[in-house]
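Visitor: Provided below are the primary sequence and the corresponding predicted coordinates.
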2 protein chains.
Amino acid sequence: MKRTGFSKAECPVARALDAIGDWWSLLIVRDAFDGLRRFGDFQRNLGIAKGMLSTRLQKLVELDVLELVPASDGSAYQEYALTRRGRDLFPVIVGLRQWGEAHLYARGEAHSDLVDQAGQPVGQLVLPSRTGRPLNWSDTKVRKAVARKR
Amino acid sequence: MKRTGFSKAECPVARALDAIGDWWSLLIVRDAFDGLRRFGDFQRNLGIAKGMLSTRLQKLVELDVLELVPASDGSAYQEYALTRRGRDLFPVIVGLRQWGEAHLYARGEAHSDLVDQAGQPVGQLVLPSRTGRPLNWSDTKVRKAVARKR
DNA sequence: GCAACAGGTCCTATTATAGGACCAGATCGT
DNA sequence: ACGATCTGGTCCTATAATAGGACCTGTTGC
């Protein structure tokens, strides 16, 4: 009765969820995008139990989503920094954000906003075709895995 | 010691994860995008326990991500169809897929692919600024919720 | 030198998940 | 039209994950 795993799945969505699709991991990554770097910062901001946080941070480091770096304030402590792989989760976080904004708030209810450096709200995520034309769900389909290329 | 909830969070990412951020929901939605509609189809394809699936489907219907519609084959059964709100999860699924493809497969390892109607692989998700310039993580920041507008 | 802070580990109670038994209604085969 | 099987569940039990707190070690501030 072990929890079902998808780390060997042929579908990248399943593998991604296997890696980071739990309650806390993406919230930790979100906080990392917001600039949080220290154990205590995550713990206070999320209200997560320390044991859980410890487990999650270890897993994220193992996955190479976060890495431990010397603290930026010169103290003997360490900080958790996003790696390239972690930064590549940006579209996922933005996608969740935009879906949440669109569907999970009552009219007039306040939520945080993603803005560019000039303070302007960002646009919606776009999936371009190879030729640059924007695609929506009905323009696409999933092609099953084909034999490996050499 | 109830499981932590974020349904009232001010951050849309947290609310989104509260709604659909569990192990199964997004996989069910992924399958729905792939055209699966019946209880048994989901159950067989995911290998999920029926009880779990039942709970998840009910929650997704409650959230208005899926809806029950009469079976398309004319039988007395019902099917689960994506709603507008469910279809809006497309960028989230694609984001997870692209991250998984990029980081969770060994070189040469096979995975399924997202292609357009012509069979061409799709491009990477793009976050445009309001003026259309592509933004990456370092071009953006989160602005805390401001007082509600009237 | 000592109190408080940072960053954990470990234990316990509760909650969620996996898997299977079971069941009612719909459909199929003959 | 009748039994066998399929569909779509519910319910129960064992196991695994989570929440919360006690506790511990090394660091920092005073």
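Guide: Structure received. Numbering: from 1, shown residues only, chains lettered A, B, ... in the order given.
Visitor: Helices along chain A, start to end?
Guide: Using DSSP state H, the helices assigned to chain A run over residues A:12-20, A:25-33, A:39-46, A:50-62, A:84-87, A:90-103.
Visitor: Comparing the ones you listed, which comes out most buried?
Guide: Of all the helices of chain A, helix A:12-20 has the most neighbours on average by mean count of other C-beta atoms under 10 Å in any protein chain shown, namely a mean of 24. For every residue, glycine as well, the C-beta is placed using N, CA and C.
Visitor: Please name whichever of the helices of chain A is nearest to residue B:55.
Guide: helix A:12-20 (17.5 Å; C-beta to C-beta).
Visitor: hmm, that closest one touching DNA strand D?
Guide: No: contact of helix A:12-20 with DNA strand D is not found when judged by C-beta under 7 Å from any atom of the strand; the minimum separation is 11.6 Å.
Visitor: do that helix and chain B meet?
Guide: Yes: against chain B, helix A:12-20 shows contacts by C-beta under 8 Å from any C-beta of the partner chain at A:12, A:13, A:14, A:15, A:16, A:17, A:19.
Visitor: likewise stretch A:91-105?
Guide: Yes: legend: contact between stretch A:91-105 and chain B by C-beta under 8 Å from any C-beta is shown at A:91-105.
Visitor: Residue A:59 and residue A:21 touch, don't they?
Guide: No: using C-beta atoms under 8 Å, residue A:59 and residue A:21 do not qualify as a contacting pair, with a distance of 11.9 Å.
Visitor: Below-threshold pLDDT in chain A: ranges please.
Guide: A:1, A:147-150 (pLDDT under 70).
Visitor: Within range of DNA strand D, give me the residues from it.
Guide: Counting by C-beta under 7 Å from any atom of the strand, the residues of chain A that sit close to DNA strand D are A:1-3, A:22-24, A:47-52, A:55, A:75-77.
Visitor: Could you single out the nearest of the residues of helix A:12-20 next to chain B to residue A:65?
Guide: Nearest to residue A:65 among those, counting by C-beta to C-beta, is residue A:19 at 8.0 Å.
Visitor: Among the residues of chain A next to DNA strand D, which one has the most neighbours?
Guide: When neighbours are counted by other C-beta atoms under 10 Å in any protein chain shown, residue A:24 leads these with 22 neighbours.
Visitor: Many thanks, have a good one.
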